[in-house]
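Enquirer: build me a model:
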Amino acid sequence: MSDLSSGKIEIVIAMLTVSLMMMLWYFLWIRPHDEMVFWVMECMGSESGKELYEECHKKFLIHKGISPG
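Expert: Numbers count the residues shown, from 1 in each chain. Prediction:
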């Protein structure tokens with residue numbers, strides 16, 4: 001195999017690896033975090049405050065089946 005085609009294969013493998021990592025980052029971190037943020041924002045409405053945020057966050061965790069700690 002020539003050096004040129006070997007280099008192209010390495011570039012393709014690197015691009016696929018980066019793409020896979022970006023997809024994993026999106027589906028394992030960004031998407032769940034955004035879901036939580038929007039759920040809590042909807043729960044809080046126009047009110048604000050740390051206590052209300054914590055209450056809404058606990059409701060979200062219960063909604064997702066996670067025990068709030």
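
Enquirer: before we move on, what SS does Y26 have?
Expert: Per DSSP: H, G, I helix; E, B strand; the rest coil, the local secondary structure of Y26 is helix.

Enquirer: distance of I9 relative to M15?
Expert: Relative to M15, I9 is positioned 11 Å away (criterion: CB to CB, to the nearest Å). For the C-beta atoms, the positions are set from N, CA and C on the backbone; glycine is no exception.

Enquirer: typo on my end, M23
Expert: For M23 relative to M15 (CB to CB), the value is 13 Å.

Enquirer: do K50 as well
Expert: Distance of K50 to M15, given as CB to CB: 44 Å.

Enquirer: of those two, which one has the most company?
Expert: M15 (10 against 7; other CB atoms under 10 Å).

Enquirer: quick one: low-confidence parts of the protein?
Expert: 1-4 (pLDDT under 70).

Enquirer: all strands for it, in order.
Expert: Taking DSSP state E as the criterion, the chain contains no strands.

Enquirer: all helices of it, in order?
Expert: Per DSSP state H, the chain carries helices over the ranges 3-25, 31-44, 50-63.

Enquirer: pull out the buried positions in the second one.
Expert: Of the residues in helix 31-44, those with enough neighbours to count as buried (16 or more other CB atoms under 10 Å) are M36, W39, V40, C43.

Enquirer: want to throw those into JSON lines with distance to W29?
Expert: Below are the buried residues of helix 31-44 laid out as JSON lines (distance: CB to CB, whole Å):
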{"residue": "M36", "distance to W29": "11"}
{"residue": "W39", "distance to W29": "16"}
{"residue": "V40", "distance to W29": "17"}
{"residue": "C43", "distance to W29": "21"}
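
Enquirer: ok, so of those residues, who is nearest S67?
Expert: Within the buried residues of helix 31-44, the smallest distance to S67 is 15.4 Å, found for M36 (CB to CB).

Enquirer: quick one, what contacts the closest one?
Expert: Counting by CB atoms under 8 Å, 6 or more residues apart in numbering, M36 touches H57, F60.
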